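Novice: Coordinates only, no sequence provided:
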């Protein structure tokens, strides 16, 4: 009797190893397909070079939606459909003007600035006023009696000690988001914000601001880092220095946008959903290659690779190209709201919105037990350079699913060192994306989706 029992125990011990080998081979098939036949880079070229910047509400956004539908069909989606949502319609207007004016006779080149998204304009005549530089909200409070009639300059640099640069962004972005209204509270005429970047160039980086309706709305711009330093030195050295600022941006009534959705129907549980996606909109001053054309084409590529590799998911795989992440998250909220209204079962949602750089792992918002399950698959990810599964968080567009339905969510976490060189700046172009790094990100995403679909969470 002992021999059959020992044989059975030996077979049971072999089962995890056999399953892991099977999974390793399936992931290798997906990887080989992506690394050999990927359409992601070609898709990104079309999106960025023929459409370009895709601000919500713009004609380019409409073109991008049509592109997304066509790309999903070409990738082999069983079904492609749209999900309507209202989106904000902010217009930048004329090119921003900013320069230092002074009693001195020396030549002063213009300042490189970009209006912040959702900002009001200065009016046609512009604003000329002295500049009050502050490096914290605490300093603003200390100097509040000096604010009235001035342009407040938030000169807060990225903290270089954070190795993951998204922590630097999270630390500094409050000045872009809250700075205009906090300065307006004390009578400021306009606001200049040091760009959310640690790059060495002088490109200004735009991004959304949020007004507090309790205070007047004032114009707000981001300034390039070199010019931020130049402005700081000038106002410290020249008591007569002022800044002339002119912007003509404005907010129009909300308009119609769409989430673009493609499905690969599940073989066993077609009414359960695994979502993967990126946001289709971008800022208007760039091509939106890293933010977030990369995430969109990686998600489309994942669907194409599953079909090409002959791997039919158990659950229905949904690729979602989200509308309006940049200045409202209307698309992500609409997707989650409709899922809740319909009583849909969403097993998992993954987003790529941190650039098309070399993947390092995933940030995840889920229970400890679910995270432990994902981490148990780590040996399957190591051959592809993914090792980091400890950080909490999730993509902006999939987080509403977590909040409304409790769906576990995650975001691809690429190497972040160069991301904020390009984020929301004119330099975010197709040329800034490396083909192989982009494809490696799609491989990591495909591996995670494969495992979650097969084993659940």
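Specialist: Looks like it came in fine. Please read these numbers as outputs of a predicted model, since none were measured by experiment. Numbering: from 1, shown residues only.

Novice: Report the central residue of the chain.
Specialist: For the chain, the residue nearest the mean C-alpha position is residue 353 (3.9 Å; Cα atoms, centre = their mean).

Novice: for that one, what are its contacts?
Specialist: 278-279, 291-292, 295, 325, 395-397, 411 (Cβ atoms under 8 Å, 6 or more residues apart in numbering). Every C-beta, even on glycine, is put in place using the N, C-alpha and C of the backbone.

Novice: where does it land in three-state SS?
Specialist: Classification of residue 353 by DSSP: H, G, I helix; E, B strand; the rest coil places it in coil.

Novice: So which of the contacts of residue 353 belong to strands?
Specialist: 278-279, 411 (DSSP state E).

Novice: Where does the prediction get shaky in the stretch 51-200 of the chain?
Specialist: Scanning the stretch 51-200 of the chain for pLDDT under 70 picks out no residues.

Novice: residue boundaries of the helices in it?
Specialist: Under the criterion DSSP state H, counting those that start in this stretch, the stretch 51-200 of the chain carries helices at the ranges 59-75, 137-142, 165-172, 174-184.

Novice: Show me the contact partners of stretch 446-457.
Specialist: 23, 26-27, 30-31, 34, 274, 276, 302, 305-306, 311, 313-315, 317, 347-348, 350, 362, 366, 370, 373-374, 377, 380-381, 384, 386, 408, 410.

Novice: Would you mind checking the average pLDDT for that stretch?
Specialist: For stretch 446-457, the mean pLDDT works out to 97.

Novice: buried residues in that stretch?
Specialist: 446-453, 457 (16 or more other Cβ atoms under 10 Å).

Novice: do stretch 339-358 as well
Specialist: For stretch 339-358, a neighbour-count test (16+ other Cβ under 10 Å) marks 339, 344, 346-358 as buried.

Novice: Could you work out the end-to-end span of that stretch for me?
Specialist: Stretch 339-358 has an end-to-end distance of 32 Å (criterion: Cα to Cα, to the nearest Å).

Novice: For it, give the mean pLDDT please.
Specialist: Taken as a whole, stretch 339-358 has a mean pLDDT of 98.

Novice: What's the local residue count around residue 252?
Specialist: Using other Cβ atoms under 10 Å, residue 252 is surrounded by 10 other residues.

Novice: brain fart, residue 147
Specialist: 21.

Novice: Which residue ranges make up each domain of this structure?
Specialist: 29-90+253-455, 93-248 (automatic domain parsing).

Novice: mind putting those in TSV, distance to residue 19 included?
Specialist: Shown next, in TSV, are these (distance: least, Cβ to Cβ, whole Å):
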stretch	distance to residue 19
domain 29-90+253-455	9
domain 93-248	33
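
Novice: any idea which of those is most buried?
Specialist: Burial of these is given as mean neighbour count (mean count of other Cβ atoms under 10 Å); domain 29-90+253-455 ranks first at a mean of 21.

Novice: now that one, how far from the chain's geometric center?
Specialist: On the basis of Cα atoms, centre = their mean, to the nearest Å, domain 29-90+253-455 sits 10 Å off its chain's mean C-alpha point.

Novice: Between the two ends of that domain, what distance do you get?
Specialist: Termini of domain 29-90+253-455 sit 18 Å apart (Cα to Cα).

Novice: How about stretch 53-61?
Specialist: Stretch 53-61 stretches 8 Å from its first residue to its last (Cα to Cα).

Novice: which residues are contacting it?
Specialist: When contacts are defined by Cβ under 8 Å, 6+ apart, stretch 53-61 is touched by residues 51-52, 63-64, 87-90, 252, 254-255, 257, 280-288, 323-324, 326-328, 330.

Novice: and those, which of them are in strands?
Specialist: 87-90, 252, 254-255, 257.

Novice: which one among the residues you listed gets closest to residue 425?
Specialist: Nearest to residue 425, judged by Cβ to Cβ, of these is residue 90 at 17.6 Å.

Novice: Could I get the full set of helices for the stretch 351-457 of the chain?
Specialist: 368-375, 378-381, 399-405, 419-422, 435-455.

Novice: May I see the ones you listed arranged in TSV, with distance to residue 71 as well?
Specialist: Formatted as TSV, those follow (distance: least, Cβ to Cβ, whole Å):
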stretch	distance to residue 71
helix 368-375	29
helix 378-381	27
helix 399-405	23
helix 419-422	23
helix 435-455	14
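
Novice: Nearest to residue 202, out of those helices?
Specialist: helix 419-422 (12.0 Å).

Novice: Which elements pack onto that closest one?
Specialist: In terms of contacts (3 or more Cβ pairs under 8 Å, 6 or more residues apart in numbering; DSSP states H and E), helix 419-422 is packed against helix 165-172.

Novice: Please identify the helix or strand for the residue nearest to residue 83 when sequence neighbours are not counted.
Specialist: Once flanking residues are discounted, residue 83 sits nearest to residue 259: 4.1 Å by Cβ to Cβ, 6 or more residues apart in numbering. Assessed by DSSP states H and E, residue 259 sits inside strand 250-264.

Novice: Quick one: list the elements packing against that strand.
Specialist: Packing partners of strand 250-264 (3+ Cβ pairs under 8 Å, 6+ apart): helix 59-75, strand 79-91, helix 294-308, strand 315-322, helix 330-342.

Novice: How far off centre is it?
Specialist: Centroid displacement of strand 250-264 relative to its chain, using Cα atoms, centre = their mean, is 16 Å.

Novice: try stretch 146-162
Specialist: 24 Å.

Novice: And it, end to end?
Specialist: Start-to-end, stretch 146-162 (Cα to Cα) is 33 Å.

Novice: returning to that earlier point: averaged pLDDT, the strand holding residue 259. What do you get?
Specialist: On average, strand 250-264 scores 98.

Novice: Now do it and strand 315-322, the angle between them.
Specialist: Counting by axes from the mean of the first three to the mean of the last three Cα atoms, to 10 degrees, strand 250-264 lies at 160 degrees to strand 315-322.
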